[in-house]
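# Okay, sequence plus prediction incoming.
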Amino acid sequence: SLTLGIVGLPNVGKSTLFNALTRNEAIAANYPFATIEPNVGVVPLPDSRLDKLAEMFDSARTMPATVSFVDIAGIVQGASEGQGLGNKFLANIREADAICQVIRVFEDSDIVHVDGDVNPSSDIETINTELILADLQTLEKALPRLEKEARTHKERRPALEAAKEAKEILDAGQTLFAAGRGKETPELAELNLLTTKPFLYVFNADEGVLSDEAKLQELRDLVAPGDAVFLDAKVESELLELDEESAQELLSSIGQPEPGLNALARAGFHTLGLQTYLTAGPKEARAWTIRQGATAPEAAGAIHSDFQRGFIKAEIVSYEQLVEAGSMNAARTAGKVRMEGKDYVMHDGDVVEFRFNV
Ligand code: GDP
């Protein structure tokens, strides 16, 4: 499944956040695989639609979709001393589908900041610079080869042009993602450059900042077009030790409507370009993860590859129309349930029953 790799300067709260991601008991119960890999934390995507479906279909349980975060160890320890990033570290980031940078906003005189003071903008700059330098190194190695290939093979020219353009962007100090040369630039895909990955920024902030909309907007502007999430990592880890009621009290006391991990899961989904569709029956009401733009057979493949191979058609009703009708039968009678074929592009919240050959 797709993952976000957690990076950030030392002492910004990465471990604190990651502990919250891995000590998530609710998820551990339903998703045994979640604890197999020590460096992978899994967060459920909160989805109230599942409760409603479970009620309607009398389902025994609900299974939300999940997002995975990988803790990339040894983060940028040497970056500020000009030592650059280690190869293992770079290889780990390369494997992630998106980059999740944790940024310190919280003030605490007992916890030193590697660069002297708390400065989100400069932290972002530091990490960007390291990633940009790594990409420039990759390009400097690749360009002579691409030049040669383009001389003898005309079809290799677009790859060369894209690489040259990428180098210009990086030389100017911009990430390729920020310059709009992310996943949409297929000519760059073969180089697996780090800064083409989408970015998600997690601002680790105190309650004062969390309820200061002007400040939040300032931080959001700092990282656009990257996604931004605001949370207090320490509170997140405390929440997991409380029962539902006490957790709710703690959240109210800091003026937050929900745990920050919920927002993190939603943002992670958005950053990775994912969406969900829903199934429901007596066993479970479940959300399945697919990429935005996935077709009906691809969606069937999320359940089982046999479903994709044997796909015939999908019976689909939007969640809203199903709820409005009150039941599947009522939705059918009202003509809201559609038969869709293999070219159908899925929508978030489609409630689906697949027909397939096995
Ligand atoms: P890492 O080096 O990025 O993994 O940072 P840690 O998670 O180890 O956190 C460094 C220190 O900051 C620890 O003492 C944490 O308890 C503390 N810390 C983490 N998050 C917060 C926060 O939101 N507020 C405050 N005041 N302290 C925090």
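Alright, I've got the coordinates. Numbering: from 1, shown residues only.
# you'd agree residue 161 is in a helix?
Yes. Counting by DSSP: H, G, I helix; E, B strand; the rest coil, residue 161 is part of a helix.
# For it, grab the count of nearby residues.
By other CB atoms under 10 Å, the residues close to residue 161 number 13. Placement of C-beta: from N, CA and C, glycine included.
# just for the stretch 251-358 of the chain, where's the confidence low?
Along the stretch 251-358 of the chain, the parts satisfying pLDDT under 70 run over 358.
# show me where it has strands.
Per DSSP state E, counting those that start in this stretch, the stretch 251-358 of the chain carries strands over the ranges 274-280, 284-291, 311-318, 338-340, 350-356.
# And for the stretch 51-200 of the chain?
Using DSSP E, counting those that start in this stretch, the strands of the stretch 51-200 of the chain run over 61-63, 66-71, 98-104, 199-204.
# What is the burial count for residue 61?
Count around residue 61 with other CB under 10 Å applied: 11.
# okay, the strands of the stretch 251-358 of the chain, which one's buried deepest?
Highest mean neighbour count among those (mean count of other CB atoms under 10 Å): strand 274-280, with a mean of 23.
# Can you name every helix or strand that that strand contacts?
If contacts are counted by 3 or more CB pairs under 8 Å, 6 or more residues apart in numbering; DSSP states H and E, strand 274-280 sits against helix 48-57, strand 284-291, strand 350-356.
# what's the angle between the shortest one and helix 48-57?
Orientation of strand 350-356 against helix 48-57 (axes from the mean of the first three to the mean of the last three CA atoms, to 10 degrees) gives an angle of 60 degrees.
# Determine the set of other helices and strands touching strand 350-356.
So strand 350-356, by 3+ CB pairs under 8 Å, 6+ apart, packs with strand 274-280, helix 296-303, helix 305-309, strand 311-318, helix 319-325.
# make it 6 Å
Strand 350-356 is packed against strand 274-280, strand 311-318, with contacts defined by 3 or more CB pairs under 6 Å, 6 or more residues apart in numbering; DSSP states H and E.
# Any idea which of the strands of the stretch 251-358 of the chain gets closest to the ligand?
Nearest of the strands of the stretch 251-358 of the chain to the ligand, taken as CB to the nearest ligand atom: strand 274-280 at 26.2 Å.
# Between helix 48-57 and that closest one, find me the angle.
Comparing the axes of strand 274-280 and helix 48-57 via the same axes, to 10 degrees yields an angle of 10 degrees.
# ok, back up a step: next, format the helices and strands packed on strand 350-356 as a markdown table and append distance to the ligand.
Below are these laid out as a markdown table (distance: least, CB to the nearest ligand atom, whole Å):
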| stretch | distance to the ligand |
| --- | --- |
| strand 274-280 | 26 |
| strand 311-318 | 39 |
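# I'd like the helices and strands packed on strand 274-280 written out as TSV, with distance to residue 195 added.
Formatted as TSV, the helices and strands packed on strand 274-280 follow (distance: least, CB to CB, whole Å):
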stretch	distance to residue 195
helix 48-57	35
strand 284-291	21
strand 350-356	34
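# Which strand residues bridge the residue lying closest to residue 50 once chain neighbours are set aside?
The shortest distance from residue 50 to any non-neighbouring residue, by CB to CB, 6 or more residues apart in numbering, is to residue 62 (4.1 Å). Beta bridges link residue 62 to residue 285 when assigned by DSSP bridges.
# quick one on the thing from earlier: now the helices and strands packed on strand 274-280 as JSON lines including distance to the ligand?
JSON lines is the format used below for the helices and strands packed on strand 274-280 (distance: least, CB to the nearest ligand atom, whole Å):
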{"stretch": "helix 48-57", "distance to the ligand": "28"}
{"stretch": "strand 284-291", "distance to the ligand": "28"}
{"stretch": "strand 350-356", "distance to the ligand": "38"}
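# Look up how far residue 338 lies from residue 302.
Distance, residue 302 to residue 338, by CB to CB, to the nearest Å: 19 Å.
# hang on, I meant residue 260
Using CB to CB, residue 260 is found at 38 Å from residue 338.
# cool, residue 64 as well?
To residue 338, residue 64 is 25 Å away according to CB to CB.
# try residue 320
14 Å.
# Against residue 182, how distant is the residue located most distally from the centre of the chain?
Largest separation from the mean C-alpha position in the chain: residue 152, at 40.2 Å (CA atoms, centre = their mean). Using CB to CB, one gets 30 Å for the distance from residue 152 to residue 182.
# Flag every residue of the stretch 151-300 of the chain that's near the ligand.
Contact residues, the stretch 151-300 of the chain versus the ligand (CB under 6 Å from any ligand atom): 204, 232, 233, 234.
# Just the buried subset of those residues, written out for ChimeraX, thanks.
Restricted to buried positions by 16 or more other CB atoms under 10 Å, the ChimeraX selection for these reads:
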select :204,232,233,234
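# Sitting in strands, which of the residues of the stretch 151-300 of the chain next to the ligand do you find?
Counting by DSSP state E, the part of those found in strands is residue 204.
# middle-most residue in the protein, spatially?
Closest residue to the average C-alpha location of the chain: residue 268 at 2.5 Å, with CA atoms, centre = their mean.
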